[in-house]
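[1] With the sequence up front, the predicted model follows.
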Amino acid sequence: MFMGCIGRGVPTVILDSPSGMSSDAWFLVISELSKFTKVCYYDRGGLGFSDRPFVNTTRTDSKEVKLSRAKPFTTERMVEDFHRLFTASSDQKKPFILVGADLGAVNVKFYSQMFEENVFSLVLVNPLDEGMFGASNNQWIKMWHNKLVSFQTLQFLAAVGLSRVALILGVMKLPQHWQSISKETEVRQKHLLCKPAHLSSVVDELFFANESLSQFRTVLRVKPFPKKDVSVISSGIYDRNLAPEVNKVCG
């Protein structure tokens, strides 16, 4: 798995990215936070420059059987990878300040439930709501499905080599919020748009988002959320082209 740390000081701040995004999502935040303390960032399994999660297999009667304690692209597995990365392989100083956006916010909350002693405080940026895929949120579910289909299309284009051609010709561009990035980050993002494995992982994260939220709800029933300092940051920006119920979930 890819990770990086910059700056000095305590507590260590660890950043967990939004759904389907690499650690480049934090490129502006990292440089500012590192002026005050140590900041770590990473790519979840399969995203960016991290390998796709490994699933153990065995053969029984000429049949290959997959052995996995949790689906690779749910929050349970992501938190397991996170814990190994920051406490076993790199052993960062604890307790952490965990910052998570979108699906990353679900992950840091889940981590706090499992490893309460390792967490100092939480910052949740536009966190996914545990009930966002409920029956009353049809418009939101439809928008999420359209997002999933869009990335499936990008995955296909990357697999057949059309993404690279489209970027060279200027037909395909990076998302609007990447306009102010450095040239190096822009090159990385273009590379990821041409990388089928990355886009496949994006699709898988989006596909299993509801299960990730279900896993967090299950943990809450077993153990109350720990008494930690939690800050929630909402964008407060609404899209007039979206239905009111969708904006309500987003906000």
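    Perfect, I can see it now.
[2] contacting residues around the helix or strand harbouring Phe27?
    If you go by DSSP states H and E, Phe27 is part of helix 27-33. Residues from elsewhere that reach helix 27-33 (CB atoms under 8 Å, 6 or more residues apart in numbering): 6-7, 13, 15, 39, 41, 99, 180-182, 185. Every residue, glycine included, has its C-beta placed from N, CA and C.
[3] can you check stretch 164-178 too?
    Contacts for stretch 164-178 (CB under 8 Å, 6+ apart): 157-158, 163, 185-186, 189-190, 193-194.
[4] which of the residues in stretch 212-221 are buried?
    Residues 212-213, 215-216, 219 are the ones in stretch 212-221 that count as buried (16 or more other CB atoms under 10 Å).
[5] Using PDB, list the CA coordinates for that stretch.
    In PDB, the C-alpha atoms belonging to stretch 212-221 read as follows (Å, rounded to 0.1, in the frame of the first residue of the first chain):
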ATOM      1  CA  SER A 212     -19.900  -0.300   4.400                       C
ATOM      2  CA  LEU A 213     -22.600   1.800   6.000                       C
ATOM      3  CA  SER A 214     -24.400  -1.300   7.200                       C
ATOM      4  CA  GLN A 215     -21.200  -2.600   8.800                       C
ATOM      5  CA  PHE A 216     -20.900   0.700  10.800                       C
ATOM      6  CA  ARG A 217     -24.500   0.500  11.900                       C
ATOM      7  CA  THR A 218     -23.900  -3.000  13.100                       C
ATOM      8  CA  VAL A 219     -20.800  -1.900  15.100                       C
ATOM      9  CA  LEU A 220     -22.800   0.900  16.700                       C
ATOM     10  CA  ARG A 221     -25.400  -1.700  18.000                       C
END
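[6] ok, residues contacting that stretch?
    74-76, 78, 103, 106, 109-110, 113-114, 128, 130-133.
[7] which of these tops the neighbour count?
    Highest neighbour count within the contacts of stretch 212-221, by other CB atoms under 10 Å: Thr75, with 29 neighbours.
[8] Just to check, that residue is in contact with Val108?
    No: between Thr75 and Val108 there is no contact under CB atoms under 8 Å: 9.7 Å.
[9] what about Leu83, distance to Gly170?
    Slight slip there: residue 83 is His, not Leu. The spacing between His83 and Gly170, counted by CB to CB, to the nearest Å, is 43 Å.
[10] So the two - more neighbours on which side?
    Between His83 and Gly170, His83 has the larger neighbour count (other CB under 10 Å), namely 14 against 7.
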